[in-house]
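# One predicted model, sequence on top.
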Amino acid sequence: MPIRKLQTKQVWCSICKEQYRDNNPLHRTPAIWAVVSETADKAGRTRYYCQPHANEAQTWVDGTIWTFRQQLDYAKGKEAIDGMEFGQL
Ligand SMILES: [Zn+2]
């Protein structure tokens, strides 16, 4: 499963860890989502997200929502175009 909802709060959000220094309590924000990358160069690499950062990672600057599921499908070349499955053209 490339996207998992974490049951235990024992993993810290990857983005918070990068954004805040060790001495900031936000450095250790429990992650809720684990997303395993499936692109060739980063295969198997797991990123952890708290809910605010999961929302942020799924929203483009113009406000478009691009879900983790769609991002993973895109990375695997399985993205849908106008509701059409890739490969059906
Ligand atoms: Zn975070």
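Sure, I can see it.
# switch to C-alpha atoms for all contacts and neighbour counts from now on
OK.
# This protein: strands as residue ranges?
Read by DSSP state E, the chain holds these strands, from start to end of the chain: 3-5, 33-36, 46-49.
# Between the ones you listed, which one is closest to the ion.
When the strands of the chain are compared for distance to the ion using Cα to the ion, the nearest one is strand 46-49, at 5.4 Å.
# Now residue 65: closest residue in space, sequence neighbours ignored.
By the measure of Cα to Cα, 6 or more residues apart in numbering, the closest residue to residue 65 outside its immediate chain neighbours is residue 59, 4.5 Å from it.
# hmm, back to that, in CSV, list the strands of the chain along with distance to residue 23, mean neighbour count and mean pLDDT.
CSV is the format used below for the strands of the chain (distance: least, Cα to Cα, whole Å; neighbours: other Cα atoms under 10 Å; pLDDT from 0 to 100):
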stretch, distance to residue 23, mean neighbour count, mean pLDDT
strand 3-5, 27, 13, 83
strand 33-36, 24, 20, 90
strand 46-49, 20, 21, 92
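# and these as TSV, adding distance to the ion?
Output for these, formatted as TSV (distance: least, Cα to the ion, whole Å):
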stretch	distance to the ion
strand 3-5	14
strand 33-36	10
strand 46-49	5
